[in-house]
Every structure is written in C-alpha cells, then in structure tokens.
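Trainee: Requesting a structural model of the entry that follows:
(chains A and B)
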Amino acid sequence: MNPLVPLARREFLRTSGLGCGALALAHLLGRDASLGAAEKKPHFAPKAKSIIWLFMTGGPSQVDTFDYKPALQKRDGEKLAGADPKTGFFTTSGKCLASPFKWAQHGKSGSWVSDVFPSVAKHADDLAFVHSCHSVANNHAPASMELAAGVTRPGYPTMGAWLSYGLGSVNDNLPAFVVMHDAKPRGDDGIWSPGFLPKTHQPLLLSAQQKEAIRDVAPLAGMTDARQKAQLELLREANIDHQKTHGDQPDLTARIRSFELAYRMQAAAPEALDLAAETEETKKLYGLDNKDCATFGRQCLMARRLVERGVRFVQVFSPTNRISGGAVADVPWDGHNDIQVNHRDCGMMTDVPFAGLLTDLKRRGLLKDTLVIWGGEFGRTSDSQGSKGRDHNPHAYTTVFCGGGTKGGAHYCATDEFGYKAVENRVSVHDLQATILHLMGLDHEKLTYRHNGRDFRLTDVAGRVIKEVLS
Amino acid sequence: MMNLPLARFAALVLALLCLHLRADAQPADAKGLALFESKIRPVLVKECYQCHSAEAAKTKKLRGGLQLDTREGTRKGGDAGPAVVPGDARKGSLLAALRHDAGVEKMPPRGKLSDEVIADFAKWIELGAPDPRDGSPLQGKRPIDIADGKRFWSFRPLALATPPDVKNAPWVRNPVDRFVLAGLEAKGLAPSQTLSKEKLVRRVTFDLTGLPPTPEEVEAFVADKSPDAYEKLLTRLLASERYGERWGRHWLDVARFAESGGYEFDGDRGGAYHYRDFVIKALNRDLPFDEFVRLQLAGDELKPNDFFAASATGFLVAGPYPGQTTVKTLEPIRYDHLDDMLATTSTAFLGLTLGCARCHEHKYDPIPQQDYYRLLATLARTDSVNRQMDADPEPYRKAKAAFDATHAPLAKALVAFEKDQLPGRFAKWLAAEQAKPAAPWLTLEPTAATGKTPLKKLGDGSYLASGKAEKADAYTFTATTSQTKITALRVEALRDDSLPKGGPGRAPDGGFVLTEVTLTATPADPTKKGAKAVVVKFKPGKATFEPGATAKAGADHAATFVADAPFGFETGTTLSITLKFGDFAAGRVRLALATGEAELDGASRPQPGGEILALLATQGGKLEGKNRAEIVRWFRKVDATTDEAFAPVEKSLAKEPKAPLQPVFSATSGRGGDVHYLIRGETDRKNGVAPPGFAQVLTNTDEGRWLRTATDPKSLPKPPRVALADWLTDDKHGAGHLLARVIVNRVWQHHFGKGLVRTPNDFGAQGEPPTHPELLDYLAGELIKGGWKLKPLHNLIMTSAAYRQGSDLNTAATKLDPQNRLWWQVPPRRLEAEAIRDSLLAVGGSLDPKMYGPGTLDENTSRRSVYLTVKRSKLLPMLQAFDAPEPIQSVGERSLTTATTQALTMMNSKLVREQAEKLARAVLPATAADVPKAIAKAYLVALGRAPTDAESRRMTDFVLRTAGENKGPKGLETATADFCQVLLCLNEFLYVD
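Mentor: Just a heads-up that it's a prediction; the model follows:
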C-alpha cells in the first residue's frame, strides 16, 4: 500500500466538516483507493457492466435441457459405445437413457429446448449455447471450485472476487460481489471465497433461509438513529484529532471514511433488496405468486435490483429441491436416481424466474450490458445410473449465455451424437472464464495477483476467449 | 529409473545424431519426402496441430510441450520424450501414441486413426522421417544452473558481517541499530523520535501478548525510573503465557491451520486442536526453533508415542482434504495432499515456492522439477491419523505401577488356586452334576432385572416385585447363555405370601395380565462381523392361565412360548426379555429356557450346570479350552470357594487405572506407495519412481548425510521425514541457513509491521530482496548461535533503538523512502482480527484466560480468539471481516483492508456494544459531576492513557448531551456506553503506535 495519500483530499476531509449528514459531499470526494473496492478501469471497453450467474449446483443434464440428441432418443436402452461406467461418482449401466422430456425447436434460431424450461424456451433467440463445456473434476465440490476459481481445490480466488479486484465497485454503498443461495451449496466457501485476495473482495452472502438478511447492517435494538449519528460525529472528530499527530497514513483516512460509508450502507443495502417498490406485475413476472418458484424468483428480482445499482457480479445458486430424484439439499440438480422427477422439480423452481429475469432486463434496457449465465459444474451421463437416473459427467455440459455482448441464438460446438462427450472445439472451464472476463473488459492474461511468489490468474496458464458466441 | 535431465540429454544426443544422418542420406530422402507431403503432413495438420503447434502455443492450447509443426519440434518432442526417432519406428512417442500402445497417452484424443495412416507414419519414420519444415521449435525448457543458483542471496551461506560504524553513535542501543542507522545516514536521514513510555508499553504489550496493557501496568512502567525498566518489562511479557497465544496465532497463519477437512461436508477433525496447543506451548517454553521444525515434520518418528511430538505433526496434515473420493480421483487427491504438505513446508520454513515446480521446472528459482518430486518422496507415505494418546502419561504410569504392585500378589494367589485346587473341585462337582437326572428347562439367572417397581432377586432364581404396584408395568431381564439351540421360553408367575391374596399377581385379587413377551437375542461379542440382534418370534405356547386374562389367585402359574426356529449364537448370546403387563403385573417371576422338548411342567435345573455342560461339550468335555473362562464364570456361581478365590482379583481389577486417551490428529507413515515423477504433474503420466532427496540448491554435500543413519552408503535409510527435517535444519550443509533467515524475518515483520524481506513467504527471485541483507544474516547468525531460541531474538530486536522509534512526520524521509525500507519510522499498525476481538473482551473485563483444550465455534465465547475453532466452512464473520486468513495455503502476511463491513461490525455488532456497555458499567459516573472522572478511567482502560483536557471536555459534552436527550433511570448509563463504544471504534484503539 502506498503510504502517500493525496494531500488535497486529506486536507479537504479535515476542513470540510464532512459529517454523516453531508452525503453529497462524500460523493464529491470520489472513491478512496484505500477502501479496496473502489472503481477501477477495465483493460478495454467492456461489453457488459454486470453479471448475473444462475449457478445450478448439482450438475444439470445437458441431454435433458438444451443439448438435443435424436440418436439418444432413438436408442433408449441400447448399449452406449465407449461408455465408461466409472465416469461419475457411482457406476452407470452403459446403456442409453433417452431424455424423458418433450423437446421442441424454438425461435428463428430453431434452438432445441426441452420442456424443463418452457418459459426460457421463448427466449431461445437471445440465448447463446456453449455445448462443449467440460471439466476436470467429476464431483460437486471440486468441480464447483473449478468453475468458480479455475482450480479443483479450495483456497483460490473465485470469479466474483477477481471481478471485484479487477473492476471494483461502482456503488460505494454496496459490495461489488453478492451471492444468494438457499441451502448452502456443496463446496462451501471455496466456491465464492476471495482465496488469497484481500478480504474486501469477499461476497455479501444472502441466504434465502435467513430471508436475505445482512449481518450487522442494522443498528441494534435500542440504538436510535440520532444517537448513532452523534456517535459517528464524535468518532470523526476524535479520529481527525488523532490523525493530526500521525502524518500520512492512508488507512487511517480510509477508516474514517469507512464509518461514513457504513452509515449510508445501512440504508442503501436494505433498500436494494426491498421488493416492496416493485409492481405486482413485475413480481408475477418472476413467479413470486407461485410457491414453486417464489424463492428463486425473489432472488432473481433482487439480482436485477442489485445490478441496476451497479453491483458487478451477482451469483444466484439453484434453490433447494423439494423432490429428491437422487439429489440432496446442497446439490439440487443431482438426479442420480430419477432424472425426470429431479429435473422436473428443478425446472419448476427456476424456469419462470429465469425467463422473467430475461424479460425484465430486456424491457428495462439492461440486458445489453448485463451478462446472464446459466449452467452447472458439470453435465450428466447419457447412459443411465440405475434405470432412470444419470451420474455426473465431466466430459460434456452446456452453459448458456444471454445478453452482455453475447450472440443470441448461437450454438457453439457440439457433443457427440449421444451428448456423452464434447468432441468439437472443447471448451474448458478456463475458456469460459476467459470469455466472461473478456465481456467485462478484462484480459484474463493481464488480470493477475502476486501471492507467495507467483502471479496467479483466474485462468491459470490456459483460457481462450470464445469469440464465436460474442455479438 | 531414468531421471529427467538424463532424458533431456538423451533427446539432445538423438537429435544431433539425426541431423547428422539427414545430411549424409539426402538422396534416399526423395521418396520419404514425397510420402511426407502426400500422407504425413495433411494428417499432422488436420489431427495434431490444434494442440501441437506454434499456434496452439500462442493460444495456450499446447499439450505435453509437444510441437509437431516443425521438424525440430517433432524430433525434439515434448514432455514424453522425442516424438520421432528417424529410422527407428520402435522409438519415439508419436507412433506409440497413434497406435494406442499401452502406457502412453492415446492420440488423437477423438479416436484412433486408420491402420493405413498409422502404417504410413511407420514407413515414413523408417525412411528416416525426412521433413522439409524449417522453423525454430518451441523455446526449450529453461536450463537450471544449480551452481549459479547458489549465488542468489537467499541461498548463499550466512554472511557474518560486523555491525558497521555510524556517526550518531549515542543513538545506538545494540548492534541492530548500527545496521539500521548506517543505512539511514548513507541517505542523510535521521530516525524518528523514541516513543513515549506510555505508548511504548502499549506497543510492547500488544506485540508480545496481543492484548492492551492494563492501566496498572501502564502506570507501573511509566513510574519505574530504573535504567532497566524497559528490559524488565520485556522479561515480564516474554514470560507471560499470553506470548505463546499471540505468536502462536502468527505461526498458525503460516501453517494454514484449520480443524476440518474443507471441500464437501467439511468433516471435523476433533483432535486437530492439539497442534494449536503444541504451537502455543512450544513458544511459551521457548523450544529451540530447529526442534520446533523437526517435531512438526517428523515428531511421530523422532519421539514415538510422545504426545507433544505427535501433536506437532498436525502441521503436515492440517491442509484441506476431500470428503468424497471416487476411484478416478484417489490418485490425484493423494498427490494434491502431498503437494499441500510440501508446498506448506517449503513456504513456511524456507520461503520457497516449491509448488511451482510441480508441473515444470521452476520458472524463476533454481528448483528443477526433479527436486520437487524427490522432496515429495520424503513425504511419500505420510497420511493423517487420529491417534489415541495420553497427553500426560506420567500420572497413569505411576498409578499403574502402584496398581501392579498391589495386584501382583493377588494374581499370584489366584494362579496357585487355579493350579492346585480348581481342577479337583471342578471334577468333583461335575461328577455330581452329571449324576443328576436330566431336566428340559434351565432356570435363567439374569444379570439384571428392571421394572417400574423394584425387583428383588430370591434364592430360587425368581424375582419379587415390591413398592407401589403399577397397573401397567414392564419387566426387562438381561441374561447370557452359551446354549445354541434354544427352543422355548417359560415364564413362571409364582405365589408369594407378600403378594395380595398370595399372588401371583399384584392386583388386589392376586391376579395379573401378561400382554406381551419380547425376546431379543444379541451375539455376546458385538465386535464379531455380522453381529446383529434378532427379535425372536414365538408361536403361541401353553399356559396355566388364559393369556390376557386374570389368573387364579394363590397358586403358581406358568406359560411357555415356543420359538419359530431354535436360536442362540455359537459365540454366546445376550438375551433381553421384556414382559409387558396390562392389568397389574405378576409379583414374582422366574424365567427358564428349553433346549429340547418344552413341556409346560417339565423339570428345571439351575442355569450354571446347563451352561457348563453345553460349554464343555464344545471342547471335548475338558475344562481346559477356549471356553475355560466362561465355564469358570458359571462354576463360581455354584462353588463358593472358587468364587472367593476369584473375588479379590476381580475387585482389584475393577480399580485398575486407565490411561486417559484422546484422539490426536497427526501424521503417520503408512498408506500410499512410492512417489513417481509426473510429466506435467499429471498422475496418469508417470515417469519412474522418485527417490527421496532435497533441493540441490540448498545442498552442499552428499545427500546420504541426511538420508542414511550413518556415513556408510550401505547403512540403513532413515525414515524419510526425519531425513527431511535433518536437511532442513542443517545450517552447515543443508537448508538451515535459509530456515534461520526466514524465521528471523517473520519475527522482525511482526515487530515492525513489515519484514526485512517484504515477501515473507517468498525468498526466491520473485520475492523482494532484503532491505538490510547484513542485518538479516546477523540476526539469523545470532539465532543459531543462541541455540535457535526465539525469546532472545525478540529481546535483541525489541531492545534496539530502531524498534523504539515512533512515526515522526518527516517529509524528507517520506519522499526519499516512502516504503520505509530504511526503517526511519515504525508506523502505526492495525491490530489483527484476533487482537481486536481479544482487546474488546479485555477492556470490557470479559476475557476468559482459560488456555488450551477443545475450542468452540461460538463467537460469543469469552476465550481468546486463538481458541476459536477454525472450521473451513464456518470461518467466523467477525474475524473474516478483519482479514483473518483463509486457512488453505500458508499465509505469511495478512492483507489489511479497510472496509465498510468492519465499520458495520464496530457500530452494530452485539460483541462491540456489549463490551462498551460493560466498560461503561465499570466506570459509571454516579452523577453528572462524575462524568469527567469516568471518561478518564475509560481512556486508561481502552487506550492506556488519560484524555487531554480538550478530549475530556468534548467527551463530557457528548455524554451529558446524550444523557440529557435520553432521560430516564438509565440515561447516564446509556450515554456512557455510547461514549465507550466510540472509544472502541477509534483509530487509536484499532491501531497501535
């Protein structure tokens, strides 16, 4: 940290009499670099300003959602040539399992979408499908960490933290990185932690199970606004006195500001998450009136409100499933025993909110610079586990992009005729990450952080921007 | 075994040979060239270039270091060696890969090429693989020159420089100052003023204990005018047990300490906290640092069965480990686990980023990939274990010795009895028993009988109920038997004069109603494989009363229950029999088992005889045999003399002391085979077994010195982890000099805010060089000279004038040396998360000084933060907000952020408010006139100083104004608490000068 702080600003701060009431003045001060998360310039002009990532933990099946395979449909129960029964976590049968869902083509692009996503299908021409994704890990926690941080082990900075580090926040009152979840997804903090990046880049965690409450954001019961204001005024005066004897210490200055910002955040953060101001029509659009999808709907709507207010990266994890089909609470899409039962339930919980989010972003003009991502940590096997389930499949899965500079209706690459393995232009997790950073105006090779003697990157030593899905 | 440099050398020789051949064989090439252009080049372009070309290298898609788009690249090959050996189709990796030979990576990955195409390649290679493609191949691997590497500053031996001369000699307090001052004087700078005593005692107390000094401690030091007042202060603090807690936490960052596995499920490691306790104790005892290191790497080998030493190895296994594994992930996970151990070891002790050499030669430091795998091999069979150990074996040893002394004569007497008397007594009894008439029933002798009412055992094997009669009661009897073909159970309800109308029931009319009989049979040895309890099903039996109806009073009754199938386990059975009664219970109950015909009124005999006979039958009718103990147990019931002979021994054994064992999460050597060299770090690309060895750049003698138990090359190998520890701590021939530099730097760092080397975890080429190399080496030399003890090192650093500086406003110095690399000041430092939390508890008067033992996840605990359980998925929000480290990789220096979440914690968290309220109550003014006094007191507690007049006035105004606006009985208390909370939020509280 550079111990020299611009003198003018410090002098201004000392002399301006800036109090908690003088909020407008705080804005004039600009954002203090020592606060860690101030806005920074991207490497080049970005296509997207914000990202909403719908992270479908558990591993949605590509062949039951967006990757239609007629051969698989025809050869149900027949031997799947080249199938390795130890591909996933359990053992598979080696026999083709046709998708139990109804498929149809949608939009001008003629994109195939299964009836797991009837509402999302209406947006087919806005979606860009990357069919050839593959992962290294074949189990949830390591694969989720791989997708989030590029490494199958915990302890590395995740994409949200990298974006916060690379771009900072455009809103002083809100963090750059927000995570919303229901049951805590598998992989725990490793899938959203800032790893070895400074803690300013950790996400604000909002749990549906705690009604998205923010810790310590409200004054304790018994404290009044007047008293707290008086406390902060006293604190500021005493701190400025202290600083007079301490010379150029940027973090002392920053800390004085941090209390003022915190005071404002007390109002701003709850406001950003308060859905009372939304119209009934909007709430309905997100499915808030439908108990099947109200949780995810609420979080998607909050996500829109957050990106509207300048939050860089909002990650919304799949809601907790109600019917198992082989999955447990922290891996909702994990349809080991019955793909139909499991994915039908997961679809009911997410389809309307996902589609509603796209509609809402589009009509507000936000979709062009908001990148929406849908996907899981890996795909599922084309052969069956038991008679009706599918096991984990690291060799193929589909990731869907929408808006934020991506090409609607595009289908990039392909899996084999059974959807078992990505064969054409295989897209690694690092390629996905490079592409996402690129859309945000960051060169994945230049976004580095020195830790224990090495310049680390989100994409490690790999990564290719998938130009083919960019508009 | 072929090691890596040799392989490279071979490749080079072959390439040279090929060039030579090509020059000589030009005419014969024509045919081959034609073949290349028509059949080979198109296939290479279509099938291989995507991952094996200059283009692929540019787009980061190059695989295996192999470039097939130039002649040189094709010949040179990649990680798997030369791709093509001209003239010899049996050699080279290309053809093997195309043919999908066993043990090589099959190419292309999309599927095998046709046999014709493969035959073309074979033919082309046999023709000498003529190849017209010029162009330079990929930049070769960076050659690592070990001898050159040894000249880098951190790998050099310690330079034992004499402290330089300085102009301002009076400023110098010890040799440290000469190094610092010489640097300042060379730039024309002066050091900052010495800190006031008031601030100094605060700095020193925080530095060594992580807690603020109490007002009394401040006062005592300020008042102590003796010349050695400061030295006495240091001595007191270095002796404080708080020292180990403070500095232990610093080390736990470096050791990526946590008490759970991370990944999925984040399983708890119950015995992991012993490592934390080891660190604290070692520091408090001033265990020499080299020994501290040795125990952490090989305590289990160096001191087998030593609790302290085993706890130390928690270091190796503290890293994360997956909670779910599959067949395909086991091997990579094992290498990840070993990598975590090695990376942490090298970073923590040597400041070396060895993990970088896992996939390739180290890009910056002289660490060949080969060294990485040889070092990894020293950890090869290391795994974690929860070992059951006694923390303090001495009391047990003593108690056991005392017990043995008293027990021995008793045991001896019993042996004599068993030899001299038992056989005769048994034979006599047996003859009598066998003479008795056979009886189908065995009267059970339960080991326990319970019911709602007390059940008393009578001489005939029956149980008599007493106390208040319950209408609904249930009796449960527990018994053991060696019978294996039990056919039936008989329940006898007997008359007794103590019962209403003589019983047998407890109803006023002497009746009872038996509603349900349940018998559960469990194998007596529950550890036996497949040992499972069975609930025995009964057919309806016979009874002298109507089941479910009241029986006739004043007479004995009985009912039999015949099992669906005979039951009883070969190794003995424990029976649990429950009798449920509806309308009053039977008052006196006796149970019997049958092993054959089960007539209701069949004769019965006591259980012991039946059991003994059954047991004897399994061993040829002899007392000696596998069931002897069981036979004797039954025999004691029928022979009082035998019972009396056994009783004292039994009574004594019941008092035998037990060692208080507890699980210690530690390292052990066992599971996992050899470590292999891995091409590009990939576990499915093994390249021979790696033998244990060390980093060549930190070795100046034969490795056998550490690897073997004696100099003789034929002597036994040492346990490899012991060898690693010996190499690491060998300051003459091994890595000890770097080890000393690294720890000395860490100590300096925590006293000055920054290290002499600003990258404490990287002493390599990517790290920063030391600000004062001679000073670093001087301190390292002093550490080694002093027997690796850290407390004298603290003392040396802290008694320097350099350490006692404040942070003057010094424009010249700020401009010339903004990074303070010359140490012209000691800037204020923000307290770490734990120190903030502990200080809050301390000033609130809540801090619980309890040391050691299991931690807790409850952040409301009053214990010091170092005792909060570190669970990887539940890192405590308050600590995280203030930059507590992610316990995944070694952290040498925490980031220090300033964030709104921290401010929110200070403003709105229960912890801060509660401590503010407690402080307020401790200083509470009785009336408005007392407010200034209360403020002064609170300042002393929280900030270690009295307020200035201006401060006192400002704070008094605040308290009175707030109290005035918030009238009521608690107005003044609330206002004081509001003021105290502001004190705790002050920069002066969160930063130490």
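
Trainee: alpha carbons only for contacts and neighbour counts from here, please
Mentor: Fine.

Trainee: pull the longest strand from chain A.
Mentor: strand A:127-134 (DSSP state E).

Trainee: What are the contacting residues of that one?
Mentor: With C-alpha atoms under 8 Å, 6 or more residues apart in numbering or on different chains as the test, strand A:127-134 has contacts from A:62, A:66-67, A:378, A:394-403, A:406-415, A:421-429, A:469.

Trainee: Intersect those with the contacts of chain B.
Mentor: A:Val423 (C-alpha under 8 Å from any C-alpha of the partner chain).

Trainee: In strands only, show me the contacts of strand A:127-134.
Mentor: Counting by DSSP E, the contacts of strand A:127-134 contribute A:397-402, A:411-412, A:414-415, A:422-424, A:427-428 to strands.

Trainee: Spatially nearest residue to the residue of the stretch 301-450 of chain A found nearest chain B (excluding sequence neighbours)?
Mentor: Residue nearest to chain B within the stretch 301-450 of chain A: A:Val423 (6.8 Å; C-alpha to the nearest C-alpha). Distances taken as C-alpha to C-alpha, 6 or more residues apart in numbering or on different chains put A:Thr415 closest to A:Val423, at 5.2 Å, once the chain neighbours are dropped.

Trainee: Ramachandran angles for A:Ile51?
Mentor: Here is the backbone geometry of A:Ile51 (degrees, to the nearest 10): phi -130, psi 140.

Trainee: what sits against it?
Mentor: Residues near A:Ile51 by C-alpha under 8 Å, 6+ apart: A:307, A:312-315, A:370-373, A:404.

Trainee: again with B:Asp777
Mentor: Contacts of B:Asp777 by C-alpha under 8 Å, 6+ apart are B:158-161, B:741.

Trainee: repeat that for 10 Å
Mentor: B:154, B:157-161, B:737-738, B:740-741, B:744-745, B:770, B:783 (C-alpha atoms under 10 Å, 6 or more residues apart in numbering or on different chains).

Trainee: Where is pLDDT lowest across the ones in strands among the contacts of strand A:127-134?
Mentor: Minimum pLDDT for the ones in strands among the contacts of strand A:127-134 is recorded at A:Glu424 (82).

Trainee: thought that one was touching B:Arg110?
Mentor: Yes: proximity of A:Glu424 to B:Arg110 meets the contact threshold set by C-alpha atoms under 10 Å, at 9.1 Å.

Trainee: other SSEs contacting the longest helix seen in chain B?
Mentor: Secondary structure of chain B per DSSP state H: the longest helix is helix B:393-420. Judged by 3 or more C-alpha pairs under 10 Å, 6 or more residues apart in numbering or on different chains; DSSP states H and E, the packing partners of helix B:393-420 are helix B:422-435, helix B:640-654.

Trainee: avg pLDDT for that helix?
Mentor: Per-residue scores along helix B:393-420 average to 95.

Trainee: Equivalent analysis for stretch B:702-710, please.
Mentor: For stretch B:702-710, the mean pLDDT works out to 92.

Trainee: Quick one: end-to-end length of it, please.
Mentor: 12 Å (C-alpha to C-alpha, to the nearest Å).

Trainee: roughly how far is that stretch from the heart of the chain?
Mentor: Computed by C-alpha atoms, centre = their mean, to the nearest Å, the chain-centroid distance of stretch B:702-710 equals 30 Å.

Trainee: buried ones in it?
Mentor: Burial within stretch B:702-710, assessed by neighbour count using 16 or more other C-alpha atoms under 10 Å in any protein chain shown, is assigned to B:703-709.

Trainee: How about stretch B:712-722?
Mentor: Quick answer for stretch B:712-722 (16+ other C-alpha under 10 Å): B:718-722.

Trainee: Make JSON lines from the residues you listed and add pLDDT to it.
Mentor: Compiled in JSON lines, the buried residues of stretch B:712-722 are given as follows (pLDDT from 0 to 100):
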{"residue": "B:Lys718", "pLDDT": "93"}
{"residue": "B:Pro719", "pLDDT": "95"}
{"residue": "B:Pro720", "pLDDT": "96"}
{"residue": "B:Arg721", "pLDDT": "97"}
{"residue": "B:Val722", "pLDDT": "97"}
